[in-house]
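Enquirer: pasting a predicted model and its sequence here:
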Amino acid sequence: MFAAAFGVGSVWADEPDAPAAGYSLELADESVAPGTQVPLRFRIVDASGAAVTEYDENHEKDLHLIVVRDDLTGYQHLHPALDATGTWSVPLDVPTGGKHRVFADFVPAGASGVVAEADLRVAGSDEPQPLPAPSNTATVDGYTVTLTGSPAAQSASELTLSVSRGGKPVTDLQPYLGAYGHLVALRASDLHYLHVHPIGDSPGDVAFHTEFPSAGDYRLYFDFKHDDVVRTAEFTVAVPEGTGHQDGHQDGHSH
């Protein structure tokens, strides 16, 4: 039995995905026990309630699944398997309890890109972790990633991620899903989702065109591949008001 989820949000990126009314993400189970390799099953359904079974490939995959706890910890970027009935499945690592948000980023065959989302409850304590302070550096597995740029709300800006190890720049990043890096941003206040892909084609510094929909704190997750391993560097960014600011959230995001 699949449970209906809330609707579809839009994506602000290098080429924003269009809001595609009528698509939703339905979880087979809205709550799971904590653990590793926890099975997650879901469907993408259209306005008629029929499961979507045909997709256009987007960055080498038919669907990208992002899972994160509602305190912005536990980020996972996964690629589920699709069966003939339109049911997707993937194992999750959810060691801690609490509410998690599940985002499905996909392109239905012949249509525009869509991001559908749903809440997943993991049994156990839901005590939130504090949001880390804003910083332009992050470390992961001996790598240091530096973020440069001056983002502002409702204004186009460029962010650049530079990777180093042992004090030396890493200039031989490997392609991952057709690019040298992937960037997801979530607004801390409501988990509004942004998926941004790089501009240019350099295995060194990775630049992204971004447009944040409103001022506030965001958590950024940068996936990069080096020495055949994909790693994720995480940042908190405080986005100030921009010259294009309007009162309220004018981002097309809906729950």
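Expert: Done, it's in.

Enquirer: how about residue 152, nearest residue that isn't a chain neighbour?
Expert: Distances taken as CB to CB, 6 or more residues apart in numbering place residue 242 nearest to residue 152, at 3.3 Å, with adjacent residues excluded. For glycine as for every other residue, the C-beta is placed from the backbone atoms N, C-alpha and C.

Enquirer: nearest the geometric middle of this structure, what residue?
Expert: Centroid-nearest residue in the chain: residue 184, 4.1 Å away (criterion: CA atoms, centre = their mean).

Enquirer: ok, the residue nearest to residue 152 to residue 112 distance?
Expert: The gap separating residue 242 from residue 112 is 26 Å, by CB to CB, to the nearest Å.

Enquirer: looking at the two, which one has more neighbours?
Expert: residue 242 (18 against 13; other CB atoms under 10 Å).

Enquirer: so what's that one up against?
Expert: By CB atoms under 8 Å, 6 or more residues apart in numbering, the contact list for residue 242 reads 152, 153, 154, 155, 212, 215.

Enquirer: bridging residues for the residue nearest to the centre of the chain?
Expert: Note on residue 184: beta-bridge partners by DSSP bridges are residue 195, residue 221.

Enquirer: pretty sure it contacts residue 208?
Expert: No: here residue 184 does not reach residue 208: they are 10.7 Å apart, not a contact under CB atoms under 8 Å.

Enquirer: overlap of the contact sets of the two?
Expert: Common neighbours of residue 184 and residue 208 (CB under 8 Å, 6+ apart) are residue 196.

Enquirer: shaky segments in the stretch 51-200 of the chain?
Expert: For the stretch 51-200 of the chain, applying pLDDT under 70 flags the ranges 197.

Enquirer: ranges for the strands of it?
Expert: 63-69, 76-78, 81-82, 87-94, 98-106, 114-122, 137-140, 143-148, 156-165, 168-169, 182-187, 193-196, 198-199 (DSSP state E, counting those that start in this stretch).

Enquirer: how distant is the first one from the center of its chain?
Expert: In this view, strand 63-69 has its centroid 6 Å away from the chain centroid, taken as CA atoms, centre = their mean, to the nearest Å.

Enquirer: of the contacts of residue 242, which pair is most distant in space?
Expert: Farthest apart among the contacts of residue 242 by CB to CB are 155 and 215. That separation is 10.5 Å.

Enquirer: and the spatially closest residue to residue 181 that is not a sequence neighbour, what are its bridge partners?
Expert: Closest residue to residue 181 apart from its sequence neighbours, by CB to CB, 6+ apart: residue 206 at 3.8 Å. With DSSP bridges applied, residue 206 shows beta-bridge pairing to residue 161.

Enquirer: just say helix, strand or coil for the residue nearest to residue 152.
Expert: coil (DSSP: H, G, I helix; E, B strand; the rest coil).

Enquirer: if I look at it, how far off is residue 213?
Expert: Counting by CB to CB, the gap from residue 242 to residue 213 is 10 Å.

Enquirer: same deal with residue 89?
Expert: For residue 89, the distance to residue 213 - CB to CB - is 32 Å.

Enquirer: those two: which has the busier surroundings?
Expert: More crowded of residue 89 and residue 213, by other CB under 10 Å: residue 213, with 21 against 13.

Enquirer: tell me, what's the model's pLDDT at the more buried one?
Expert: Residue 213 is assigned 94 on the pLDDT scale.
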